[in-house]
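> Next one to model:
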Amino acid sequence: MKIAFVTTPPDEAEGLAKRAVESSLAACVNVIPGITSHYRWQDELHADRESLLMAKVAEDCVEEFVASIRDWHSYTCPEVIITDVIGGNPDYISWVESVDKGSSQDGKP
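Numbering: from 1, shown residues only. Predicted coordinates for the structure are as follows:
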């Protein structure tokens with residue numbers, strides 16, 4: 001299991017989260033509204049209001065998840081950061097790993 005962090009304009013967050021889950025690329029996506037991102041882009045400093053997506057992604061879906069977010073996202077270079085999960089509720093982790101392209105998992109874990 002992996003965790004993906006994706007920043008997005010607030011008006012895109014819900015749509016990206018829903019699309020990732022509907023496409024079975026993420027088992028669950030939390031939308032965290034109201035963050036401010038400070039960054040340098042094309043030699044200029046920026047501070048923008050964004051939302052943060054925290055997606056739970058099965059190991060087998062990582063590459064397609066990243067490619068799809070890059071495709072669906074409005075940014076030229078969207079932030080998509082994947083981290084390892086080193087522990088947690090084994091039942092939940094098994095559920096996330098069971099949700100992959102082509103599976104049909106209904107309801108909450």
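> backbone phi and psi for the residue sitting furthest away from the middle of the chain, please?
Here the centre of the chain is the reference, and by C-alpha atoms, centre = their mean the most remote residue is Asp43, at 27.1 Å. Main-chain torsions, Asp43, degrees, to the nearest 10: phi 60, psi 20.
> Just the pLDDT at it, thanks.
Per-residue confidence (pLDDT) for Asp43: 95.
> From Leu53, how far out is it?
27 Å (C-beta to C-beta, to the nearest Å). (Each C-beta comes from the backbone N, C-alpha and C, glycine too.)
> For Asp48, name its beta-bridge partners.
Note on Asp48: beta-bridge partners Ser37, judged by DSSP bridges.
> low-confidence ranges in the protein?
100-109 (pLDDT under 70).
> Quick one: the strands in this structure, in order.
Under the criterion DSSP state E, strands of the chain are mapped to 2-8, 28-41, 44-57, 80-84.
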